[in-house]
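Undergrad: would you be able to build a 3D model of this:
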Amino acid sequence: MRPFDTFIMVDWSGGNDRGAAPKADAIWAAVLRPRTSVETTYLRNRATAEQFLGDIIEQERAQGHKLLIGFDFPFGYPEGFGAALTGSSDPIEVIDWFARRITDSPKSNNRFDIAGEINSVLGSGKGPFWANALGRDIAGLSRTKAGYVNPFPERRVCEGQAKGSFTCWQLAGVGAVGSQTIMGLPVLARLRAKFGACVWPFERLESDVAMIEVWPSLTVGPAPDGMIKDDWQVAELTRQIAGLAPARLAGMLDIDAPQEGWIFGLGFEQELMSLRPEPVLPPLRNDCFALPQGVHWTPVDEALALLRDRLTPVTAVETVALSQACGRIAAVDVTAPRANPPLPNTAVDGYGFAGGRGEGTHRVPLVQGRAAAGDARADVPAGYAIRVLTGAALPHGVDTVILQEDVLVEDGHIVFRGVLKQGSNTRRAGEDVQAGDVTLRAGRVITPADLALLAATGVAQIAVRRPLRVGVLSTGDELAEAGAPVADGQIYDANRPMLLALLARLNHCAVDLGRAPDDRAGLRAMLDTAAGQVDAIITSGGASAGDEDHVSALLEHAGAMALWRIAMKPGRPLALGLWQGVPVFGLPGNPVAALVCALVFAQPALAQLAGADWTVPQGFDVPAAFKKRKKAGRREYLRARMREGQIEVFASEGSGRISGLTWAEGLVELGEEAQDIRAGDPVRFIPFGSFGL
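TA: Residues are numbered from 1 along each chain as shown. This next block holds a predicted model:
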């Protein structure tokens, strides 16, 4: 059997439309495509879910992918039911029988009526189905189990072996799966007819779409605090099944249950529970850093455009509680489950009534009580007013509020003068955010203000990217650890602590890879080890083309290296490549050049690898407090700071003058053209804060 490529697990529902806001006991689907992480989706009704599944099937088949789709409802009934219902023991006939008779819309369906008809024909109106949850009586379908008589077995064989499973005959109440089955089988029939899907275990899995029966609670434990159980379970079950070796999965699917069907994983619970592999992400192309032929000197903007176009996120997706989301990167667009404000409310302390008022003195009788934030909405008769406090939902019959300072209260009335416009001092429902609005875009780094908006609209958890793990490696025999004894000719390693701190400030997970000597074999071993630990690597030194430039030599030997000669000062050489699929940024060895290249190139590139939007630092045109004559051809970055509304630059432009970095508060960016800058001329100043520091 050809291995499956795409895995989809669906938590089904037999009820009606559940609304726009994600809820428990609704339909949830988890999808794991090749080289991606699991993504879950809330589906408000069965029509939406069926369209969602159909779209994915079409997309994945167009890519040549084979799909395994799991649904958490029984695919078959206890032995004997199918033959009695259809005259055939083939369970596919039962699936098609329900598909021909069930009518379904987001707000209503006929499942209870069909169950009553079956009971009337097969069980004298006393079984096998029970539990009518509608407001009207249905002939043949009792509301409780009183007087219940079932002509068929109460459970399938597999349900007798699955501890805690439920019978398919109960249509409503706690633990009912009967409605899910009746409303799910028609979907199986339509997917089978439209896509040639196979229904397991009744048919040989020879199609490129296979549908299996699952029960997430069989192998998935409790959800983390604050997370919807259904959301958690479909994601975990998808990871478990996708984590099986293809041969092992095929073995678990080799089940003999020709009439009743089977729950996938039954008998293999411990094995599945041990599987929660990390998702496989799409690799970067080996040529992603390749420059066009004939390019010798690359302008800064072209280099940035190449990185932006060729780098894709390499971080997996996880769902976290809102309290853990600050500083993380949103993995998907987030929509508001609830409007903000959810109801019209008052913006001030005062008195509310209906309609505006014109010129003159107004006297309005007061009703008893008041409306405060959190109170239930009262009813205010026409012509009356009520005391309201800031933030209170406007009572029914109130659309205007007058400030308490503008009112005299006497004899159970309020008295005020002058014109008051209808709607004054009130906030409309949803005037900030409407339910369904996108409140957060994928790729945004989540801020404290974002948390306020998400919480106000009812979002309790959010899908985020896992932090990018970035390793920092210094190279060179001349380097020593700060504070250690040094020989003549050695220097202390300044780049590694600087770059590690820089990465931490940028919300990445910084990993110290240590120092590598000028030894190609040793460096290779360190890169091999690092490739299994991190998502990206930053090196400093050894990035040019000299005899001791081992970083660029190794990357070139691996066949995935480009030495970019950037038309900029400082920091011309920039070695970019892949080591065992992990991107490597080879920065210059001089600390000033290393920091400038890290800010200009590595910072936006790492953000994109982490799943964030590409970032462009905000600069400001500020008068210069210096003079400089610059030749054409290269972009230059000067260490600078702003004092009294003017920009000063550090006295020396030398790449080894580390003191200039601590002196500076940002960079002056001078374009490639020739310039003759005089005091007072505007120059482009980019504060370090614009780079995220």
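
Undergrad: for the longest strand along the chain, name the packing helices and strands.
TA: Criterion DSSP state E: the longest strand present in the chain is strand 361-371. Helices and strands touching strand 361-371, by 3 or more CB pairs under 8 Å, 6 or more residues apart in numbering; DSSP states H and E, are strand 350-353, strand 385-388, strand 413-417. All C-beta spots, glycine's among them, are computed from the backbone N, C-alpha and C.

Undergrad: I'd like the ones you listed as a markdown table, with distance to Phe75 and mean pLDDT appended.
TA: Shown next, in a markdown table, are the helices and strands packed on strand 361-371 (distance: least, CB to CB, whole Å; pLDDT from 0 to 100):
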| stretch | distance to Phe75 | mean pLDDT |
| --- | --- | --- |
| strand 350-353 | 57 | 96 |
| strand 385-388 | 57 | 95 |
| strand 413-417 | 67 | 94 |
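
Undergrad: from Ile462, how far out is Asp231?
TA: 11 Å (CB to CB, to the nearest Å).

Undergrad: which neighbours do the two share?
TA: Counting by CB atoms under 8 Å, 6 or more residues apart in numbering, the residues touching both Asp231 and Ile462 are Thr319.

Undergrad: could you point out which element follows the strand or helix carrying Gln240?
TA: Assigned by DSSP states H and E, Gln240 belongs to helix 229-242. Counting by DSSP H and E, the next helix or strand C-terminal to helix 229-242 is helix 246-252.

Undergrad: mind listing what's buried in the helix or strand following that next one?
TA: Sequence order places helix 269-273 as the next helix or strand after helix 246-252, per DSSP H and E. Buried positions in helix 269-273, judged by neighbour count with 16 or more other CB atoms under 10 Å: Leu272.

Undergrad: run through who's touching helix 269-273.
TA: Against helix 269-273 from outside (CB under 8 Å, 6+ apart): 218-221, 240-241, 244, 265.

Undergrad: distance check, the nearest residue to Pro216 once chain neighbours are set aside against Ala24.
TA: Excluding the flanking residues, the one nearest Pro216 by CB to CB, 6 or more residues apart in numbering is Gln233, at 3.7 Å. Using CB to CB, Gln233 is found at 11 Å from Ala24.

Undergrad: for those two, indicate the residue with more neighbours.
TA: Gln233 (26 against 12; other CB atoms under 10 Å).

Undergrad: just checking, that one touches Leu218?
TA: No. Using CB atoms under 8 Å, Gln233 makes no contact with Leu218, being 10.0 Å away.

Undergrad: in which helix or strand does Ala452 reside?
TA: helix 448-456.

Undergrad: restricting to C-alpha, output the helix or strand just after that helix in PDB.
TA: Tracing the chain past helix 448-456, the next element assigned as helix or strand by DSSP H and E is strand 461-465. The C-alpha trace of strand 461-465 is given here as PDB (Å, rounded to 0.1, in the frame of the first residue of the first chain):
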ATOM      1  CA  GLN A 461      -5.600  30.600  23.100                       C
ATOM      2  CA  ILE A 462      -3.700  31.300  19.900                       C
ATOM      3  CA  ALA A 463      -1.700  29.400  17.400                       C
ATOM      4  CA  VAL A 464       1.900  30.700  17.400                       C
ATOM      5  CA  ARG A 465       5.200  29.800  15.900                       C
END
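
Undergrad: which elements pack onto the next helix-or-strand element following strand 461-465?
TA: Per DSSP H and E, the first helix or strand lying C-terminal to strand 461-465 is strand 469-475. Where contact means 3+ CB pairs under 8 Å, 6+ apart, strand 469-475 is packed against helix 495-505, strand 509-516, helix 520-531, strand 536-540.

Undergrad: how about a cut-off of 6 Å?
TA: Strand 469-475 is packed against helix 495-505, strand 509-516, strand 536-540, with contacts defined by 3 or more CB pairs under 6 Å, 6 or more residues apart in numbering; DSSP states H and E.

Undergrad: could the ones you listed be laid out in TSV, adding distance to Val334?
TA: As requested, the helices and strands packed on strand 469-475 are exported to TSV (distance: least, CB to CB, whole Å):
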stretch	distance to Val334
helix 495-505	25
strand 509-516	23
strand 536-540	26
